[in-house]
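> have a look; sequence and predicted model below, questions after that.
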Amino acid sequence: MTGEPNPDLGDVAYSKAHDGYGTNLPPLEVTGTALAPSLSETEAVEAGLRKLEAKEIRWYSYFLTIDFWAIIAIGQVLSLCITGTNTFSTFLAIAGTNIPAFQTIFNYVLLTLVYLPLTLYWHGPRQWLRIAWRDGWKYFILSFLDVEGNYFTVLAYRYTNILSAQLLNFWSIVCVVIISFTLLRVRYKPFQIAGILICCGGMGLLLASDHLTGVNGGQGADMVKGDLFGLLGATFYGVSNVFEEWFVSKRPMYEVLSFLGVFGVLINGVQAAIFDRNSFENATWDSAVAGWLVGYTLAMFVFYSLVPLMLRMGSAAVFDVSLLTANFWGVIIGIHVFGYVIHWMYPIAFIMIILGLVVYFLAGSILGDSKKPWLGDNQAGGVAGIGTAKLKALNEARKRGLGGQGGV
């Protein structure tokens, strides 16, 4: 929109000037307009937050913001990406190419190829090495949780049925809520809890319709083993989602994604070499399989690139409940590709999940979940990047005449 600030510049400018690694760079410039000499950035953030939170708030106020509709839209794009990866995985399995660890490694390679050069450009090789030395172990843990979440969730589908595997995915939401509450000091309001429950109720309808129409996969090869794998995968997912939300609130998105890619290649590569070796040798390899691998990788790349934005504007809880609509889109794809028949409960379930997201934000702050409690009242511990409350506050300060042209 003409005249609106460019959040990309805010992300880059702040992350370079205030990355905590001792780099001597020019003062903060927000979206191309420097803050007024009379105000420090901390004072500007405080003033901006005060102005934003002082606005008259009604129960529908957040629904009138761009952020709310962006969260809804991004959530559905992420669900479609999940549907795409599931569809391509189904094609690969039908063709006899069942290599869950190996097929995922291409996504981490692509993340590395795209975001590592960006990180090196903005930080420089020397500073990148300092980041790797100081925080590399944290990024390794994040990548490990992510890789294992992918692996064990896919593994669960080998032994249990679809209905059980999808039910176990609810555990990731429980993990997110518990970890966010205990470690990140997130305090959920009654409307937020009600919204999560409504979303889960919508997913329950989807699962019930699957059971009634007999598309739940029937008896699995080893239900107990499959359920345990599914529970483990959901736990890894829940913990990694919260950890990533913490990371992207404090660090630039391109940095987080670059390290996720680098360590993901290493961890997933070792895992694929150990567990997918026999499957790789017996797999079918032709042009169709190559096309499905490309489609799977691109869908995963778009998914991983959008998740940090979702976690900044919303939260790990909002992210997880938004993905519940993936089953609905999966059936829509299944109707046209695999000949599924849609049940009358599906549209109702989809509406319930979207309604749950609306209820989640009832009577909330104009900032929604973008203001993170672990960053402090003035978000001093956070990065001023796309979707963050800190950048919104700085832009509000500029709009209020607290900014001027030129450097400080």
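That came through fine.
> for stretch 81-95, buried residues please.
Neighbour-count burial for stretch 81-95 flags 81, 82, 83, 84, 85, 86, 87, 88, 89, 90, 91, 92 (criterion: 16 or more other Cβ atoms under 10 Å). Placement of C-beta: from N, CA and C, glycine included.
> same check, this time on stretch 121-131
Going by 16+ other Cβ under 10 Å, stretch 121-131 has these buried residues: 122, 123, 127, 128, 130, 131.
> cool, stretch 170-177 as well?
170, 171, 172, 173, 175, 176, 177.
> same question for stretch 132-144.
For stretch 132-144, the buried set under the neighbour-count rule, 16+ other Cβ under 10 Å, comprises 135, 139, 140, 142, 143, 144.
> what pLDDT, on average, does that stretch get?
Across stretch 132-144, pLDDT averages out at 95.
> next one: stretch 262-281
84.
> what does that stretch contact?
98-102, 104-105, 107-109, 111-112, 116, 139-140, 142-144, 146-147, 151 (Cβ atoms under 8 Å, 6 or more residues apart in numbering).
> scan this protein for its longest helix.
helix 125-159 (DSSP state H).
> on contacts alone, who are the packing partners of it?
helix 100-123, helix 162-168, helix 223-250, helix 253-275 (3 or more Cβ pairs under 8 Å, 6 or more residues apart in numbering; DSSP states H and E).
> now these as CSV including distance to residue 347?
Output for these, formatted as CSV (distance: least, Cβ to Cβ, whole Å):
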stretch, distance to residue 347
helix 100-123, 32
helix 162-168, 18
helix 223-250, 26
helix 253-275, 35
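> ok, which of those helices comes nearest residue 181?
helix 223-250 (10.2 Å; Cβ to Cβ).
> same question for the closest one: list its buried residues.
Neighbour-count burial for helix 223-250 flags 226-250 (criterion: 16+ other Cβ under 10 Å).
> try stretch 377-385
For stretch 377-385, burial by neighbour count (16+ other Cβ under 10 Å) applies to 378, 379, 382, 383, 384, 385.
> got it, and stretch 47-64?
Result for stretch 47-64 [16+ other Cβ under 10 Å]: buried residues 47, 48, 49, 52, 61, 62.
> gap between the helix or strand hosting residue 292 and the chain center?
Secondary structure from DSSP states H and E places residue 292 in helix 287-313. Remark: helix 287-313 is offset 12 Å from the chain centroid, using Cα atoms, centre = their mean, to the nearest Å.
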